[in-house]
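In: all I have is the shape, not the residue letters:
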Ligand SMILES: Nc1ncnc2c1ncn2[C@@H]1O[C@H](COP(=O)(O)OP(=O)(O)O)[C@@H](O)[C@H]1O
Ligand SMILES: O=C(COP(=O)(O)O)[C@H](O)[C@H](O)COP(=O)(O)O
């Protein structure tokens, strides 16, 4: 491994249908697909769909249905810049596929149900994002996806959502308290639908106040005060801890988005893909959120390269 290189590890966590995988792949596109590896934790299930159903457990059970030990070993190997050979899980059939080799790139994004479940996993992550998507959207998105891509009927998906509810509360939602940033997608009933933007969504960011070097919400609040973006900003207690919150709604123009990018990152770190996106004049809150988070990750990568160079001097 090149000693001047340190892999940046980003964790995305949340319930099924929350939008984790879509977001992870969008970040990869924005940052540069050549530099980013996305790993889904679904590949670390220890039982296939038939086996889970036979013993009456859901995929949300951390130990009975998943191999978190192997996952942790692999995450640390990737962080050290080593290749791994990992299992694969095929949602179309509910069976395991052939193992695949993963060569770590500059950035690894892990997305799944148990991304923050173990301390040893969390310790490997440079940024932890939890998706707390509004239940209405989550159900709508999960039904559409699982009935078109995973071989379920809409009725089966509804029944599965009900069956999982206790496990979601027990195993998935507590991980929200361990995130650096919580992203909450909400239906936006105030923005009129547009042909390019048929289901307006508002994106609310909650950020932990404890010693964070990343001040995304502070900058959003400032941009809101300056009248640059449509946002509301407040403090709230989430799982007993004070968090700073800002939600982005409506349409943001490119000039404003450029200023926001410079607030969370640095001009020279803007990737070619982000530049291309900025050619569109108007951006919805989901795009704004992805571009800002991608810019933060680019900044983390830059910082970690500087830290490694300083250690080598
Ligand atoms: N921001 C979004 N706006 C509209 N639809 C979305 C959005 N994010 C995800 N989806 C839809 O929801 C479905 C579930 O999203 P996915 O990313 O697969 O969730 P998860 O990985 O959390 O289970 C996807 O098939 C996608 O079509
Ligand atoms: O909850 C999930 C996680 O996936 P995601 O977060 O991508 O929804 C799935 O139900 C399991 O992976 C099992 O898959 P299947 O039901 O296809 O056997």
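Out: That came through fine. What you see is a predicted model, and the numbers here were worked out from it, not measured in a lab. Residues are numbered from 1 along each chain as shown. Ligands and ions are numbered 1, 2, ... in the order given.

In: who in the stretch 201-313 of the chain is up against ligand 1?
Out: 201, 286 (Cβ under 6 Å from any ligand atom). The C-beta positions use only the backbone N, C-alpha and C, and glycine is treated the same way.

In: helix, strand or coil: sort out the closest residue to ligand 1 within the stretch 201-313 of the chain for me.
Out: Closest approach between the stretch 201-313 of the chain and ligand 1, counting by Cβ to the nearest ligand atom: residue 286, at 4.4 Å. Using DSSP: H, G, I helix; E, B strand; the rest coil, the structure places residue 286 in helix.

In: report the buried residues of stretch 301-313.
Out: 301, 304 (16 or more other Cβ atoms under 10 Å).

In: what does stretch 16-27 give?
Out: So for stretch 16-27, counting by 16+ other Cβ under 10 Å, buried means 16, 17, 18, 19, 20, 21, 23, 24, 25, 26, 27.

In: and those residues as JSON lines, adding secondary structure?
Out: Converted to JSON lines, the buried residues of stretch 16-27 look like this (three-state DSSP):
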{"residue": "16", "secondary structure": "coil"}
{"residue": "17", "secondary structure": "coil"}
{"residue": "18", "secondary structure": "coil"}
{"residue": "19", "secondary structure": "coil"}
{"residue": "20", "secondary structure": "helix"}
{"residue": "21", "secondary structure": "helix"}
{"residue": "23", "secondary structure": "helix"}
{"residue": "24", "secondary structure": "helix"}
{"residue": "25", "secondary structure": "helix"}
{"residue": "26", "secondary structure": "helix"}
{"residue": "27", "secondary structure": "helix"}
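
In: give me the subset of those touching ligand 1.
Out: Within the buried residues of stretch 16-27, those near ligand 1 by Cβ under 6 Å from any ligand atom are 16, 17, 18, 19, 20, 21.

In: find the least confident helix or strand in this protein, judged by mean pLDDT.
Out: Every helix and strand in the chain was compared by mean pLDDT, DSSP states H and E; the lowest is strand 230-238, with a mean of 79.
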